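S.K.: next come a sequence and a model predicted from it.
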Amino acid sequence: MTKKLLLVIFALALVAAACDSSSDDTTTTAAAEETTTTAATAEETTTTAATAEETTTTAAAAEAAVCPSESGGGTVIIGTTDAIASLDPADAYSTRDWEILRNFGEPLLKWVPGSGDELVEGIAEGMPTPSEDGLTWTITLREGLTFGDGTPLTADIAAAQLTRLLTISETGPNQVGLTLGNPYVDSIEAVDDVTLQFNLPAPIAFFPQLLASAAYIPANPATYPEGELNIFPDAPLTGPGPWIVTEIVPDETVTLEPNPNYYGDAPGVDKIIVRQFADPQSMALAVQSGEIDVAWRILGAELAVELADVDGLNSVVVPAGPIRYLIINHVLEPTNDPNVRKAIASVIDRDELSDVIFGGAVDPLFSQVPPGFLGANEAFDELYASPDLDEARAYLEAAGYSEDNKLQLPVWYPPEHYGATTADGVLLVVQQLEATGMIEVDVQAQEWGTYIGAVVGGEEYPVSVLGWFFDFPDPENYLQPFIENGGIGTMVTSKEGDISPGVDPALLELLTASRAETDTAARAEILDELQNVYAEEVVTVPLWIEPEYIVYRDGICGDASLPNPESLNIGPTMEFVYSVLGTDGS
Amino acid sequence: MHPLLLIFLIFGIPALIGLVYVYSRGSSGLRTYMTTRIALTIPMILILATVVFFVMRILPGDPIDSTLGPKGTAEIKERFAEQHGLNDPIFVQYGRFVGNVFTLDFGNSLIQSQRPIVDELGERLPATLEMIIPATLLALGLGIFLGTRAGIRRKSASDYGSRIFSVMIYAMPIFWLGLLFQLIFGVWLGWTPIAGRIDPQIPLERTTNLLIVDSIITLNWAALRSVLAHLILPTLTLGLVLSGVFLRLTRINVIETNQEEYVAAARARGISQGTITRRYALQNAMIPVITLIGLQVAILLAGAVLTETVFAWPGMGRYLIQRILSRDFTAVQSVIVFFALFVAVISLAVDILYSLLDPRVRY
Amino acid sequence: MPDPVLTELPEEEEWQVDLGQVGLFRRVLNGRKWYGVDWWMVVISSAMVVFFIVIAFFPGLLATYDPLEQVGPRFLPPGETPDAEVLVLRPDSPFESLEDLAGLGRVPTAVVQGAPSSEDVRSEADRISDELDEAGSDDQVGLRIVRVETIEDMIAAVQTGEVELGVGSSAELEPLLADNPEVIIAGPITGEKGGKSFPLGTNQIGQDVLSRLAWGARVALTIGFTASLFSLFIGVPLGLLAGYTGGKFDRGLTLIMDSLYAFPGLILAIAIAAVLGPSIVNVIVAIAVLYIPTYYRIVRGQTLSTKQGLHVEAARSIGATKTSIMRSYIFPLVIPSVAIIFSVNIADAILTGAALSFLGLGLPPTTPDWGIDLARGQEFIQRAWWLITFPGIAVMLVVLAFTMLGEGLMEIFNPKLRKQ
């Protein structure tokens, strides 16, 4: 009797599933019918990469990804695998958090979505102007700004809220203020109702780029009190941006709807739901089945390539993502010997790493500053032309090692933090090092918490693997963290900031000079020299730069008036601007 | 009202009433048994809690480093440790921990937003329950049904078939089965959704966070359909794997019971096989099976952890894994203690039930 | 004593007594007549167990390659041979083969992203450079790899002179030649990873799946056996002691064991493995701890029931020590049960081990292990179905073998179930 009941329930559930999945499908089948391109051209669009330089796309391809002038509205569901760590601009320090913050809030300056480096005004009126000595920057707010709930956003409030970054950030778990706030800004004050003044301890050339980061979003004092962080606030969240966060289900979804009090244009869709997945595979399956419309970070190269072949999906590569590199400790043995460091740099076969682990999907990186940034060069390639086993052996012999007296080299890595490819990468690097016949590698895995503490501590790991993505898009943010104050484990300087013995002091000198130099051409030259010294010292060994991938269903489109609509106008930061989205009526 | 409290009331009040009823109406033997059994639960929980505490304390890597990464300064770490009492001597911490266990005070998470763990558990326990209850029902239903048939028709095709099925299903890694189902039913056939609890487009007001209950309460039929659809694959995965265990147990017990003399006697009196099975054999065969349900809770929870990982189910299993990886030991301790409490309570209930059904067991 | 082979099946009690006096070996051999299908089950599963044990000791029997080496192109389906790679050149190009590139510095070369062409051409170039080195020449063949999206892009790049040559698969290029008369193909070239097929395919970095499976057997069985042995050597003596001694020691220990037994094993294993860190020894320890209560309970139960027996009474009366009683009288009786549990335990241990590696909490990630392969294969489930299928089948077969062995033995040793 019980059995029969169970069978009935089971059958009911199946029937329910059949009903439900058909209602799920309505959005996607409608989209499939409405696309005007044939299957062939739809597949063409999936393999077109969108780089800042490439503008040649076929007209048909452009049609598939670009909206009609009036967006169809509706709801767009975006998938992600990142978890939210913090939603207070004075604390949050990850791309996922910044993405949400940037959509319901807006900083003083913002990037043109899809561009490489175009800055425009955000909630500011006009660009900021520096004083003569560069120690003060002034900027004006737009008239009549309000938060989403109607509270006026005056300069007083903005100053008070922005100051949170400088004062209370250190009380939080992520402490973005300690990196993006205090080192660069001393204080912020309101000069009058609409004018803000930033007081700097030293002039910096990249101040406008800094202002465009999500840390410099004035947060609504109703949700974020002046003296205290509110890391996990309850919805609704309102800011000066185009959206309002209307619902947060922890670890599941974040829902956003248009902000009626936004000063600018209304977005093209009625609702955005950002849905969190445990892993990229579930997310890939979800975008295929239509449960979500857009699969964003972190999809990964493999899945993006697979999904490119699926009808109804568009798979796009967004270049300039995170970089991967080896941290070389300059104080511990054996890597305190410059010959050992140069041997390591000579052995790395970046093409093999890219081909074997990623199928060529990542680009070898020859300088800590990725291509496309001001002054970026390929110092490691010019200096070492790796892989060059003979060179490596020469360096090793100069350091006193031989086939009978092998270099014992400990290499550490975090197995889970960057994904499973890290282990593969380390396996290959070990094989490359041992191919010299003069190195014996001792590979050690360590879980992330202990690992990062040990790396930063600089006292345990001669060679370790790390990743990086910029906080603000400027070469400063690719060089300074690895040079100053212990350099996240490179120990080219001490924690207190003094240059370590045996290390070229030009590293610090050039860095400080490049920071303040406002003339672009001159700055590029300084940066070029700095990277050369960097490579000579082998501060780190840059390995590769990964692209990001975005996969979206037909029927979703970007803003045609902005650069790169086929990649949904993503860039230069990896924070998706939801306002560019539109649908074609499905 | 807090979801945890609600669940506790939903399950606890009837149980309490039943307990009091049994106690008052039972014989002295039964009463002694019940008292002893309940009293034994406490040391059991204590032992498990102690094991958990010490296991967590010797974990390498601390949550402070894990969360702050390269950006934490010494003062922040100091302040953090102070806040969470991590600087006290180990026995003080242990004492505090034990006290908290018995007052069910789970403390705050050590990472991210440092929310009270009770809140985080309250969101996730209903999710886990909503999956394991149907799975258990499926496992029981399928396992008992097939096991009975196999037991009655020994050495027939269906007997061997069922045994092979049960062993094979047990041998398959549950996560593999889940993945295959996702691929076959979710993607290739498109019959069911593949992850999550509900279609995010459908708004649903959550009070208990048991989505079936919530959708019924709010008369939200679209939500109900969606929730049921999302439940299919995880339930199927977990339920099928567990059914193998119940199948084997039922089969053996039915065989043994069938060999008992009273069954032979019944058959001699001309009672049909069907009646024999239902009224005599099954009832007595079920008794050991019921006890074993209690033991299977452990397997159930383990299976739930893996199933939740595969289907991105926001339940306690997935929470546990995530927090282990981020070294949030307060949360991990709490979840494990919670599991221990759960297991202890269920096995207590089962033992008492067993003692009601089998009068031979009373001490 | 009547010869068991010749008599008909007598009533229950007599039969059981007779059975108890027949030697184990005799029982097994004659089992075919007595037990029917169950006997076959035990025999087949024993054969499977032996097979896996042999592979575990000698993975080389199945594994042709080093499981850590990238011996083939990525994602090669089982049994397929990779296409030959050819060079794409302009008709007026001064070179005809890679050898002609010697001494010209780093020559820009186009390859299609994701294809094995890049590795093949570079390994060819390396090989040629090594030959030149040995011949005493200073010249090397150097390539500057330029990655493009599609074959058409590569042909275009060669035509426009952006690169000097391209490399692609001959199967894909042949059909395109007709439409592109401005390029010719030369070659083929065979990199060190080309030209071979693999029976079970290759994985995401080009390792041979079959070799990884064979070496994975070693890891899985090592974990299974060692963890079970560990549990056995701790659980059985404790069970004997507690069962025989009784009293507070017994009650206390039983309470602890019951608590552990009731607790979800996988979760405890996860916690312990996370504590101890990623290494095979730690995984073994974590799993071993889980199964001690199982042995303890069964052995204790049997000890409790046999210690009242007449023969034990007799032994005690002649002054035998506790240890010798346990050793000579009680222990032999528990052997069959322990053997059954051992077999099933190994199966369970292997499953738990696979679950731990799948969750990423067990072994160092480069170990050739079935659980790790399953976890990695999950990422590529749609593109390379063979990556999860074969390790999954392997786990299933091994676990099946040990479980069936235990089950079959249980049917044979437990005569109560033999009627009907």
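M.R.: Received it, and whenever you're ready, just let me know what you need.

S.K.: what sits against the closest residue to chain B within the stretch 201-350 of chain C?
M.R.: Nearest residue of the stretch 201-350 of chain C to chain B, counting by C-beta to the nearest C-beta: C:L266, 3.5 Å away. (Each C-beta comes from the backbone N, C-alpha and C, glycine too.) With contact set as C-beta atoms under 8 Å, 6 or more residues apart in numbering or on different chains, C:L266 has these partners: B:A302, B:V305, B:L306, C:T352, C:A355, C:L356.

S.K.: kindly recompute the last result at 7 Å.
M.R.: Counting by C-beta atoms under 7 Å, 6 or more residues apart in numbering or on different chains, C:L266 makes contact with B:A302, B:V305, C:T352, C:A355.

S.K.: which helix or which strand is home to it?
M.R.: Element membership for C:L266 (DSSP states H and E) is helix C:265-276.

S.K.: ok, then the element right after that helix?
M.R.: Counting by DSSP H and E, what follows helix C:265-276 is helix C:280-306.

S.K.: helix or strand right after that following helix?
M.R.: helix C:310-317.

S.K.: now chain A against chain C: closest residue?
M.R.: For chain A, C-beta to the nearest C-beta, closest residue to chain C: A:A423, 3.6 Å.

S.K.: let me know the helix or strand that that residue is in.
M.R.: helix A:421-434.

S.K.: mind checking how far whichever residue of the stretch 251-400 of chain C sits closest to chain A is from B:L204?
M.R.: Here the residue of the stretch 251-400 of chain C nearest chain A is C:P365; by C-beta to the nearest C-beta that distance is 3.6 Å. Per C-beta to C-beta, to the nearest Å, C:P365 is found 40 Å from B:L204.

S.K.: who's more crowded, the two?
M.R.: The neighbour comparison of C:P365 against B:L204 (other C-beta atoms under 10 Å in any protein chain shown) goes to C:P365, with 22 against 19.

S.K.: who's in contact with that one?
M.R.: A:P415, A:A420, A:A423, A:A445, C:I372.

S.K.: want to throw the residues you listed into a markdown table with distance to chain B, pLDDT and neighbour count?
M.R.: Formatted as a markdown table, the contacts of C:P365 follow (distance: C-beta to the nearest C-beta, whole Å; pLDDT from 0 to 100; neighbours: other C-beta atoms under 10 Å in any protein chain shown):
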| residue | distance to chain B | pLDDT | neighbour count |
| --- | --- | --- | --- |
| A:P415 | 10 | 81 | 22 |
| A:A420 | 14 | 77 | 19 |
| A:A423 | 15 | 87 | 25 |
| A:A445 | 12 | 82 | 20 |
| C:I372 | 13 | 88 | 26 |
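
S.K.: hang on, A:V317 packs against A:P547?
M.R.: Yes - the criterion here is C-beta atoms under 7 Å, and A:V317 meets it with A:P547 at 4.9 Å.

S.K.: do stretch A:473-488 and chain B meet at all?
M.R.: Yes - applying C-beta under 7 Å from any C-beta of the partner chain, one finds stretch A:473-488 touching chain B at A:I488.

S.K.: how far off centre is that stretch?
M.R.: 16 Å (C-alpha atoms, centre = their mean, to the nearest Å).

S.K.: and the contacts of that stretch?
M.R.: A:117, A:206, A:209, A:327, A:368-369, A:373-376, A:455-456, A:458, A:470-471, A:490, A:492-495, A:497, A:507-508, A:511, A:515, A:527, A:530, A:539-540, A:572-573, B:70.

S.K.: put the buried members of these into a ChimeraX selection.
M.R.: A single ChimeraX command selects the buried members of the contacts of stretch A:473-488 (16 or more other C-beta atoms under 10 Å in any protein chain shown):
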select /A:206,209,327,368,369,373,374,375,376,455,456,458,470,471,490,492,493,507,508,511,515,527,530,539,540,572,573 /B:70
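
S.K.: what packs against the longest helix anywhere in chain C?
M.R.: For chain C, the helix reaching the highest residue count under DSSP state H is reported as helix C:209-245. Identification of packing neighbours for helix C:209-245 by 3 or more C-beta pairs under 7 Å, 6 or more residues apart in numbering or on different chains; DSSP states H and E yields helix C:37-57, helix C:247-262, helix C:280-306, helix C:331-358, helix C:370-379, helix C:386-413.

S.K.: try 6 Å this time
M.R.: The contact analysis (3 or more C-beta pairs under 6 Å, 6 or more residues apart in numbering or on different chains; DSSP states H and E) places helix C:209-245 against helix C:37-57, helix C:280-306, helix C:331-358.

S.K.: and those: which comes nearest A:D355?
M.R.: helix C:331-358 (26.6 Å; C-beta to C-beta).

S.K.: close to chain A, is that closest one?
M.R.: No - remark: helix C:331-358 sits outside contact range of chain A, by C-beta under 6 Å from any C-beta of the partner chain, the gap being at least 11.4 Å.

S.K.: and the angle for that helix with helix C:280-306?
M.R.: Calculated by axes from the mean of the first three to the mean of the last three C-alpha atoms, to 10 degrees, helix C:331-358 forms an angle of 150 degrees with helix C:280-306.

S.K.: packing partners of helix C:331-358?
M.R.: So helix C:331-358, by 3+ C-beta pairs under 6 Å, 6+ apart, packs with helix C:209-245, helix C:265-276, helix C:280-306, helix C:370-379, helix C:386-413.

S.K.: by mean pLDDT, which helix or strand of the chain comes out lowest?
M.R.: Looking at chain A here, since you left the chain open. When the helices and strands of chain A are scored by mean pLDDT, DSSP states H and E, helix A:39-47 comes last with a mean of 29.

S.K.: please go with chain B instead
M.R.: helix B:63-68 (a mean of 55).

S.K.: please consider this matter closed, and thank you.
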